[in-house]
Each structure stands twice: as structure tokens, then as C-alpha cells.
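Visitor: Need coordinates for the below:
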Amino acid sequence: MRYAIIFISFILLNTQLTAQDYTGKWRWQIKASAQDIQSDYLLELDIKQEGNKIYGTRTLYLKNYEDMIVWVEGEVGSNGEVTINSKKLLNFKLPDSVMVAKTFSYSFKKDRFTDEMMVGMFRPEEDVAKRPMRKLDPVFYDAVYQRPVQSIFKRLANTLPKSFDSIYAIERPSVIPLPAKKTPAAIETVIEHTLTIPNGDVVIDLYDNGTIDGDIVTLLLNDKVVSEHQKLSLAPITIKIKKEDLADSTMVIIQAENLGDIPPNTALMLITVNGKRYDLNISSTLQKRAAVVLKKR
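Guide: Now for the predicted structure:
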């Protein structure tokens with residue numbers, strides 16, 4: 001009887017672990033300190049689970065530099081906790097002045113209330129080559145390399161192919177196709193509003209419209225990026241345009257980076273010129289960029 005109970009418990013435990021599937025794309029937005037020249041950035045895990053083994057890529061989306069992409073491997077423990085370690089740099093073209101951890105580990109579990117969230121800790125490993133920078137700014141150096149950081153990842157989608165070779169058979173991480181970045185040319189641009197404005201400097205404030213649900217956008221002026229990977233919230237994303245920089249017709253474009261929890265990606269845009277304010281509702285998707293055309297009076 002005792003062996004039967006042990007056997008049943010073993011089956012139940014394995015069933016629970018199997019149900020905890022971590023395959024998919026997960027994203028975590030970090031608020032950088034004022035000293036951090038990278039500004040705010042996004043971390044993205046694109047991972048595949050096979051049994052209790054996990055592997056894939058971690059991408060660091062930087063505002064001013066190329067994406068940092070690292071191959072990661074790990075496993076799901078008997079308690080359901082996941083451990084992931086960095087294994088190989090796939091793309092790293094950052095100057096020495098940028099302090100980011102090249103090697104690191106994560107440990108996390110799914111949130112007890114939802115399978116769409118993972119909560120855990122990020123543990124960086126010290127970059128010996130950048131130890132001299134501790135003399136220039138010891139507080140910032142220690143914040144980057146010495147302190148674990150709580151991480152909250154949110155699932156975006158199941159993006160990796162279902163069929164993969166075993167983790168043990170993969171010798172070159174580069175054989176895994178990395179997610180291609182969308183280009184504005186591949187997305188339809190739809191003009192939602194056209195305004196004739198007085199001559200003057202323009203201030204544009206962008207808020208989440210309605211429920212704060214994690215919408216992330218990139219703003220462009222005439223197809224030139226002016227604010228990238230910004231999360232819409234109650235605090236505005238603000239851009240300012242000098243009157244001498246305005247063309248006879250200037251296009252302000254909002255490109256959705258995701259759809260948030262409640263599709264589509266919606267925003268409230270407030271445009272102020274010479275004390276006159278225009279309130280506009282903006283809606284964009286992954287296939288459609290919303291545009292506002294500003295024409296000089």
C-alpha cells in the first residue's frame with residue numbers, strides 16, 4: 001500500500017511539472033537609473049521547454065545601441081522553479097562605457113495566480129574587464145554587477161517552432177532563427193487625424209487610453225524614430241518639436257510594439273501649440289501604424 005501511495009505521488013508530481021510549460025516569449029521592462037546612458041530598456045526571453053530542459057535566447061533591447069542577444073540554457077527543478085544561465089553571446093557590439101552583465105543567471109517560478117507571469121531573481125556576474133570603472137562610479141558599478149534584481153516576466157506569445165532538436169544536440173546556438181525586428185516599411189501606415197495648427201513650437205504628450213494594460217509604442221516623425229520602446233501609462237511620453245523643425249506637413253507616427261492585455265494598442269495624444277490643445281484618440285496594431293498629420297496654417 002505504501003509503495004502504491006509513493007507511485008501515485010510520483011505520477012502527480014510529474015503531471016504538475018509537465019503542466020508547467022515555459023515555452024514562449026516573455027518580456028520584462030526595466031527602469032534604468034539616471035546615470036544609465038542606455039535609458040530604459042526591455043529584456044525578452046524566447047525559450048523552449050523540452051521535458052525539464054529549457055533553452056533559447058535572451059535579448060536586451062537597448063535604446064541607443066544594437067540589441068544584445070545571449071544564448072541561454074536551464075532546467076525546471078522538482079519544485080517547479082526554473083534556473084536559466086547565459087551560455088554564449090550571439091550579438092554584442094556595445095562600447096566599453098556601457099555596463100551590462102555579459103554572464104548572468106535567472107531563477108523564477110510562475111506567478112501563483114496566473115500562468116502568464118513569471119516572478120524571480122536576476123543575478124549578474126561581474127565583468128572583470130570593467131572593474132576599473134568602479135573607481136569612477138562605485139554605486140552604479142555595484143548596482144549593475146553586485147546586486148540581484150527582482151524580475152517579473154510577462155508572456156507575450158509562443159514564438160519558437162514546436163519541433164526542435166534536443167538541447168544536447170545543439171552545438172551552435174546560431175542555428176536557432178532569431179526573431180526579426182519589424183521595419184516600418186513592412187507595416188501599413190494609416191492617417192487617423194489631420195490637423196491644421198498655428199505657427200509655434202509643438203508639444204506632444206502620449207498616454208495610455210483607458211485601462212493601463214502594458215501597451216508599448218515607438219514614436220516617429222516622418223519615419224525618423226524619436227522615442228523607442230516606451231510603455232504607455234498615466235505619466236506622459238513627451239516629445240517637443242521646434243517650429244523651425246516643422247515642415248509644411250509633418251507626420252507623427254505611433255507604431256505598436258505589442259497589443260497589451262486589451263487589444264488593440266490605444267493611446268490618448270495631447271498636442272499643444274501656442275496654448276491651443278488638441279485631444280486625439282489613437283489606435284494601432286502590429287499590422288497598422290497610426291499617423292497624425294500636422295499642417296502649418
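Visitor: Please parse this structure into its domains.
Guide: Each structural domain of the chain that the record assigns through automatic domain parsing is listed here as a residue range: 21-175, 184-296.
Visitor: is it true that D208 touches M269?
Guide: No. Taking CB atoms under 8 Å as the contact criterion, D208 and M269 are not neighbours in contact, 11.2 Å apart. In short, each C-beta sits where N, CA and C put it, glycine included.
Visitor: Quick check: the gap between P264 and V292.
Guide: P264 is 16 Å from V292, where distance means CB to CB, to the nearest Å.
Visitor: Between these two, which has more neighbouring residues?
Guide: The neighbour count for P264 versus V292, taken as other CB atoms under 10 Å, is higher for V292 (20 against 16).
Visitor: Please report how far the more buried one lies from A256.
Guide: Distance of V292 to A256, given as CB to CB: 15 Å.
Visitor: Can you tell me which residue is spatially central in this protein?
Guide: For the chain, the residue nearest the mean C-alpha position is L42 (3.5 Å; CA atoms, centre = their mean).
Visitor: just to revisit the earlier point, of all the domains of the chain, which has the lowest average per-residue confidence?
Guide: Mean pLDDT per stretch puts domain 21-175 lowest among the domains of the chain, at a mean of 73.
Visitor: Helices along the chain, start to end?
Guide: Across the chain, reading from the start of the chain, the helices by DSSP state H fall at 2-19, 133-136, 138-145.
Visitor: residue ranges of the strands in the stretch 101-250 of the chain, please?
Guide: Secondary structure of the stretch 101-250 of the chain (DSSP state E, counting those that start in this stretch): strands located at 104-110, 117-124, 149-157, 188-197, 202-208, 216-221, 224-231, 237-241, 249-256.
Visitor: For those strands, give me TSV that also has distance to Y55.
Guide: Supplementary listing: the strands of the stretch 101-250 of the chain in TSV, determined by distance: least, CB to CB, whole Å:
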stretch	distance to Y55
strand 104-110	13
strand 117-124	16
strand 149-157	16
strand 188-197	35
strand 202-208	35
strand 216-221	26
strand 224-231	25
strand 237-241	35
strand 249-256	29
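Visitor: Can you add mean neighbour count and distance to V76 and give the ones you listed back as JSON lines?
Guide: Shown next, in JSON lines, are the strands of the stretch 101-250 of the chain (neighbours: other CB atoms under 10 Å; distance: least, CB to CB, whole Å):
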{"stretch": "strand 104-110", "mean neighbour count": "19", "distance to V76": "9"}
{"stretch": "strand 117-124", "mean neighbour count": "17", "distance to V76": "12"}
{"stretch": "strand 149-157", "mean neighbour count": "16", "distance to V76": "15"}
{"stretch": "strand 188-197", "mean neighbour count": "14", "distance to V76": "41"}
{"stretch": "strand 202-208", "mean neighbour count": "20", "distance to V76": "34"}
{"stretch": "strand 216-221", "mean neighbour count": "20", "distance to V76": "28"}
{"stretch": "strand 224-231", "mean neighbour count": "16", "distance to V76": "29"}
{"stretch": "strand 237-241", "mean neighbour count": "15", "distance to V76": "38"}
{"stretch": "strand 249-256", "mean neighbour count": "21", "distance to V76": "33"}
